[in-house]
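Visitor: quick one: sequence plus predicted model below, questions after.
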Amino acid sequence: MVEPFLNTAVAQGVRRVVLLSSSAVPEAPTGLGALHTLVKETVPEWAVLRPSWFMQNFTGDHAVAHAIRGDGEIVTATGDGKVAFVDATDIAAVATRALLDDRPHNTDHVITGPEALGYAEAAHMVTEVSGRPARHVAVEAGELRERLKAIGIPAEFAAVLAGLDEDIRHGAEDRTTDTVQRVTGRAPRSFRAFAEAHRAAFTEAHPAAFAPAPAVQGLSFGSGRIRERGQGVPPSGSWGSVRPQDGGGSRRGASASDDNAADARARPREPGLIRTTGPGPGPLSGGPSGARGVRRRRQQAPRPTGQGLAEQHIA
C-alpha cells in the first residue's frame with residue numbers, strides 16, 4: 001500500500017516525505033524497516049524519524065498511566081534497562097523542521113530525550129512531583145506476556161510488547177542523541193519537566209477506560225526488533241511536503257501516526273496541512289501507534305489558519 005501511495009504522490013509533484021518510524025525499527029531489507037529504504041529510493045527529498053518511547057505513555061489512556069493512577073505499580077520486563085523517553089512535542093518539532101527547512105535533511109533521525117532513565121527512576125520522579133506513590137515492578141518477559149494476554153491483548157502482539165521490553169533490559173534504548181537540539185535549536189524537554197507540567201494527569205481520573213488493543217495481524221518479534229510478517233500494520237506514517245515541480249508555488253501536506261490525542265494536539269496545524277492517522281499497534285506499545293485516526297483535508301477555498309478543514313474519523 002505504501003509504495004503505490006508514494007509513487008502516486010511523486011507523480012503528482014510531491015518532492016519531500018518525512019517518515020515517522022520508531023527507534024525499535026531499524027532499516028532492513030524486509031518488514032517495517034523496508035519502508036525506510038522505500039522512502040529513500042522513491043522520493044527526491046526525505047527524512048526518517050525514529051523516536052524513542054513517548055513521555056506521553058505516562059499520562060492519558062496508556063497502560064502505564066492507568067497503572068500510576070491505579071495501584072501505582074508500573075509492571076514491565078525491562079529490568080534495570082534505561083529508555084531516553086521523549087516528549088511528543090519534541091518529535092513534532094523535528095518533523096516540522098524536516099518538512100519545512102529549505103534544505104532537505106535526507107537522513108535518519110533517532111530522536112530521544114536528554115537522559116536515559118529506568119522505569120524505577122521515572123516512577124520515583126512521578127512520586128516526587130505528584131505526591132502519588134508509584135513504583136516499578138520488574139517481571140520476566142514470559143510473565144509480562146501472560147499478564148498482557150489476561151487483559152485482552154492478542155497473544156502474538158503480547159509477545160511483541162514483551163520482546164520490546166526484553167530489548168530495553170539488554171540496553172537497546174539506553175542512548176541519547178542531540179537530534180532535537182541540532183535540528184530545532186533548543187534542548188529537548190526533560191522527563192522531570194514533563195512530569196511537572198502534567199502533574200494533575202497523575203492523579204485525576206481519565207474519562208476513557210482502558211480498552212484491550214485490537215488484534216494486529218502480521219506483526220511478530222524477532223532478533224531483538226520488530227519485524228513484519230504478512231500483511232502487517234506499520235506503526236508509522238509520513239510527513240510530506242508537496243512541492244510542484246513546475247515551480248508554480250507550493251503547498252504543504254503532512255501525514256503521521258499518532259500515539260494518542262496529546263500527540264495529535266502537538267502537531268503543527270497550518271493552512272493546507274493534511275494529517276492522516278490510522279490503525280496502529282495499540283495503546284500498550286511504547287512507540288508510535290494509534291487505534292483511531294483523523295483525516296484533515298484542505299478545502300478548495302482559502303481559509304484562515306485552523307478553518308476550512310474537513311475532519312473524517314477512520315476506524
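Guide: On my side now, so go ahead. Numbers count the residues shown, from 1 in each chain.

Visitor: measure stretch 111-130 end to end?
Guide: With C-alpha to C-alpha, to the nearest Å as the measure, stretch 111-130 spans 27 Å from end to end.

Visitor: per-residue confidence averaged over it?
Guide: Along stretch 111-130, the predicted local confidence has a mean pLDDT of 98.

Visitor: quick one: low-confidence ranges for the protein?
Guide: When the per-residue scores of the chain are filtered using pLDDT under 70, the ranges that remain are 205-315.

Visitor: which stretches of it form strands?
Guide: 14-20, 45-51, 73-76, 82-83, 107-111, 117-118, 135-138, 219-222, 225-228, 237-242, 251-252, 293-298, 309-314 (DSSP state E).

Visitor: now do the first one against strand 45-51, angle only.
Guide: Okay, so that is strand 14-20. Using axes from the mean of the first three to the mean of the last three C-alpha atoms, to 10 degrees, the inter-axis angle of strand 14-20 relative to strand 45-51 is 10 degrees.

Visitor: packing partners for strand 14-20?
Guide: When contacts are defined as 3 or more C-beta pairs under 8 Å, 6 or more residues apart in numbering; DSSP states H and E, strand 14-20 packs onto helix 34-42, strand 45-51, helix 88-100, strand 237-242. For the C-beta atoms, the positions are set from N, CA and C on the backbone; glycine is no exception.

Visitor: at 6 Å what do you get?
Guide: In this structure, strand 14-20 makes packing contacts with strand 45-51, helix 88-100, strand 237-242, judged by 3 or more C-beta pairs under 6 Å, 6 or more residues apart in numbering; DSSP states H and E.

Visitor: which stretch among those comes nearest E146?
Guide: Of all these, strand 45-51 sits nearest to E146, with 28.8 Å by C-beta to C-beta.

Visitor: partner strands of the closest one, parallel or antiparallel?
Guide: Strand 45-51 has these partner strands in its sheet, going by DSSP bridges: strand 14-20 (parallel), strand 107-111 (parallel).

Visitor: that strand to helix 34-42, inter-axis angle?
Guide: Our comparison of strand 45-51 with helix 34-42, counting by the same axes, to 10 degrees, yields an angle of 160 degrees.

Visitor: may I see the buried residues of strand 45-51?
Guide: Neighbour counts using 16 or more other C-beta atoms under 10 Å place E45, W46, A47, V48, L49, R50, P51 of strand 45-51 among the buried residues.

Visitor: re earlier: of all the strands paired with strand 45-51, which gets the most neighbours per residue?
Guide: Neighbour counts averaged per stretch over these are highest for strand 14-20, at a mean of 25; criterion: mean count of other C-beta atoms under 10 Å.

Visitor: run the angle between that one and helix 88-100 for me.
Guide: Between strand 14-20 and helix 88-100, the angle comes out at 160 degrees (the same axes, to 10 degrees).

Visitor: which one of the buried residues of strand 45-51 is nearest T176?
Guide: Nearest to T176 among these, with distances taken as C-beta to C-beta, is P51, at 12.5 Å.

Visitor: so that closest one is in contact with I91, correct?
Guide: Yes: the pair formed by P51 and I91 meets the contact definition of C-beta atoms under 6 Å, at 4.7 Å.

Visitor: overlap of the contact sets of the two?
Guide: Here P51 and I91 have I111 as joint contacts, going by C-beta atoms under 6 Å, 6 or more residues apart in numbering.
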